[in-house]
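1. I would like to see how this sequence folds:
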Amino acid sequence: MSKFLAKLFIKAGRWKYNDFPDVEKAVVLMAPHTSMWDFVLGKMYFAMHGYKPVVLIKKEAFVWPFGYFLKKMGGIPVDRGKRTGLTDMAIESFAKAKGRFYLVITPEGTRKKTKNWKKGFIRIAKAANVPVVMGYLDCSTRNMGILGLLDMFGTDEEIMERLKKHYLGFTGLHKNKFETGYE
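-> Residues are numbered from 1 along each chain as shown. Predicted coordinates for the structure are as follows:
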């Protein structure tokens with residue numbers, strides 16, 4: 001998709017946005033994730049900046065004919081019920097990537113309401129020695145973009161606590177499905 005068409009799509013939806021940071025490689029977290037439309041809006045955001053990220057998506061979404069298009073748009077099917085070496089594959093992808101490479105992950109790991117966010121992104125980012133960019137969609141304000149880089153110092157639990165606090169007050173497309181675990 002061209003930058004122009006992506007920007008037109010975002011503007012037509014009356015979304016406001018900020019720019020992507022100048023990093024060559026990164027794990028990009030996108031939250032809240034409550035709808036498949038999050039994928040479309042995220043793809044438009046990246047396209048208007050001229051980037052084509054890789055996105056981890058549950059394998060069940062790759063049914064015909066959607067699977068073909070999801071793969072063309074950078075989707076990688078994930079079997080959430082098996083230990084498939086996905087983390088190691090992601091780390092290896094960063095090492096092999098020439099130029100810009102962005103791996104998009106939803107930290108909730110689901111569109112359902114959950115307090116138990118996934119920590120795999122921490123291992124990936126640390127092992128690949130890349131920053132974690134905190135992306136967001138806030139449907140209540142129609143804002144999308146980047147909150148900044150996540151401080152990756154401390155234990156996994158400390159990192160996750162800091163991450164969840166950044167997303168307080170955000171609303172997904174389906175308001176009742178997003179939870180950080182904080183009031």
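2. what's downstream of the host helix or strand of A125, the next helix or strand?
-> For A125, the enclosing helix or strand under DSSP states H and E is helix 120-128. The first helix or strand that comes after helix 120-128 along the chain, using DSSP H and E, is strand 132-138.
3. residues making contact with that next one?
-> Contacts of strand 132-138 from elsewhere in the structure, counted by CB atoms under 8 Å, 6 or more residues apart in numbering, are 20-21, 23, 26-32, 38, 41-42, 45, 102, 104, 121-122, 125, 143-150, 152, 163, 166-167, 170-173. Where you see a C-beta, it was placed from the backbone N, CA and C, and this is true even at glycine.
4. pull the CA atoms of stretch 90-103 into PDB?
-> Provided in PDB are the C-alpha atoms of stretch 90-103 (Å, rounded to 0.1, in the frame of the first residue of the first chain):
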ATOM      1  CA  ALA A  90      12.000 -14.200  16.100                       C
ATOM      2  CA  ILE A  91      15.500 -13.600  17.600                       C
ATOM      3  CA  GLU A  92      17.100 -15.200  14.500                       C
ATOM      4  CA  SER A  93      14.900 -13.000  12.200                       C
ATOM      5  CA  PHE A  94      16.400  -9.900  13.800                       C
ATOM      6  CA  ALA A  95      19.900 -11.200  13.300                       C
ATOM      7  CA  LYS A  96      19.300 -12.000   9.600                       C
ATOM      8  CA  ALA A  97      17.400  -8.800   8.800                       C
ATOM      9  CA  LYS A  98      19.100  -6.300   6.600                       C
ATOM     10  CA  GLY A  99      17.900  -2.800   7.100                       C
ATOM     11  CA  ARG A 100      14.700  -1.900   8.900                       C
ATOM     12  CA  PHE A 101      12.900  -4.800  10.700                       C
ATOM     13  CA  TYR A 102       9.900  -4.400  13.000                       C
ATOM     14  CA  LEU A 103       8.300  -7.300  14.800                       C
END
